[in-house]
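[1] model this:
(chains A and B)
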Amino acid sequence: MSAFRVTLQRSGIGLPKKTNAVLKYLGLTHRGAVRYTDITPSYATQILRVKELVKVDIVPRRLTRQEHNATLKTNSGYVVEKQTSERK
Amino acid sequence: MFGPFKPSNVLLGGLLWKIPWRMSPNQKYRQRRRLKAVDQVIATVDEGLKSKGMTSKLLDRLKAEVPLESEMLPRDKYTTFSRQEKGYRIGLHRVQKWTRKTIRVNPKGF
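    Numbering: from 1, shown residues only, chains lettered A, B, ... in the order given. All right, here's what the predicted structure looks like:
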């Protein structure tokens, strides 16, 4: 169930309409945008059409938006052991 | 004659933009880095499809036609064919949007 993780590194601004249409199809709306796709010939072809703009990794599976955001979280440096119910 | 108002080509001639005829070493370094990044994308997509036992027409074409950065001559990395120029070569940095294009092979005979 491996998948491609595609990150837009370079903007498509000023490039041909077709190139920007490919970016739109892949759901890469702005620099740094990340999209997980299945590994299929059709997705592979679209990724290769914008090969100068993206970074591609092979990951074990497609992550949901929430799962992906969780991977971006940094270590807060503390652990909450117990929360008291009475505040104020 | 001296100081901020000394005559120069820019002050006397109005608009003057100059693109150097060759890239600086740092431009060349970044260009190599971009070439390698594109190679990496093609290799990763190839690896992914291979693991599923599939391929794509465009991938096959790129693998056949696009040389790797390590296989390219410096001449092809930093300059490109131009039919207007004497000697038919110009610096790649004179091509529009050159940092987001893959221009690696020459026309036949050049």
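
[2] where do the helices sit along chain B?
    Using DSSP state H, the helices of chain B run over B:9-13, B:25-51, B:57-65, B:74-78.

[3] ok, how many other residues are close to the one residue in chain A that gets nearest to chain B?
    Residue of chain A nearest chain B, by CB to the nearest CB: residue A:41 (4.0 Å). Where you see a C-beta, it was placed from the backbone N, CA and C, and this is true even at glycine. The tally of other residues near residue A:41 (other CB atoms under 10 Å in any protein chain shown) stands at 16.

[4] and the gap between it and residue A:25?
    15 Å (CB to CB, to the nearest Å).

[5] try residue B:16
    Distance from residue B:16 to residue A:25, by CB to CB: 43 Å.

[6] Just want the most central residue of chain B.
    residue B:92 (4.6 Å; CA atoms, centre = their mean).

[7] For that one, list the residues it contacts.
    Neighbouring residues of residue B:92 by CB atoms under 8 Å, 6 or more residues apart in numbering or on different chains: B:23, B:31, B:77-80, B:98, B:103.

[8] repeat that with 6 Å
    Each residue near residue B:92 by CB atoms under 6 Å, 6 or more residues apart in numbering or on different chains is listed here: B:78-80, B:98.

[9] Please apply the same query to residue B:67.
    Applying CB under 6 Å, 6+ apart, one finds that residue B:67 lies in contact with residue B:104.

[10] Please state the backbone phi and psi of it?
    The phi and psi values for residue B:67, taken as degrees, to the nearest 10, are phi -70, psi 150.

[11] Give me the pLDDT value at the residue nearest to residue B:90 when sequence neighbours are not counted.
    Using CB to CB, 6 or more residues apart in numbering or on different chains and skipping residues adjacent in sequence, the residue nearest residue B:90 is residue B:82, 4.1 Å away. What the model reports as pLDDT for residue B:82 is 95.

[12] what's stretch A:16-35 in contact with?
    With CB under 6 Å, 6+ apart as the criterion, stretch A:16-35 contacts A:6-8, A:11-12, A:46, A:49-50.

[13] Could you pull out the buried residues of that stretch?
    Across stretch A:16-35, burial judged by 16 or more other CB atoms under 10 Å in any protein chain shown covers A:19-20, A:22-23, A:26, A:28, A:34-35.

[14] So for that stretch, first residue to last residue, what's the gap.
    Stretch A:16-35 stretches 22 Å from its first residue to its last (CA to CA, to the nearest Å).

[15] ok, now stretch B:65-85?
    First-to-last residue span, stretch B:65-85, CA to CA: 25 Å.

[16] For residue B:58, which non-adjacent residue is closest in space?
    Leaving aside its sequence neighbours, residue B:58 sits nearest to residue A:45 (CB to CB, 6+ apart; 4.7 Å).

[17] which is the next helix or strand following the helix or strand that contains that neighbour?
    Using DSSP states H and E, residue A:45 sits in helix A:41-49. Sequence order places strand A:54-59 as the next helix or strand after helix A:41-49, per DSSP H and E.

[18] just checking, next helix/strand downstream of that next one?
    Downstream of strand A:54-59, the next assigned helix or strand under DSSP H and E is helix A:65-72.
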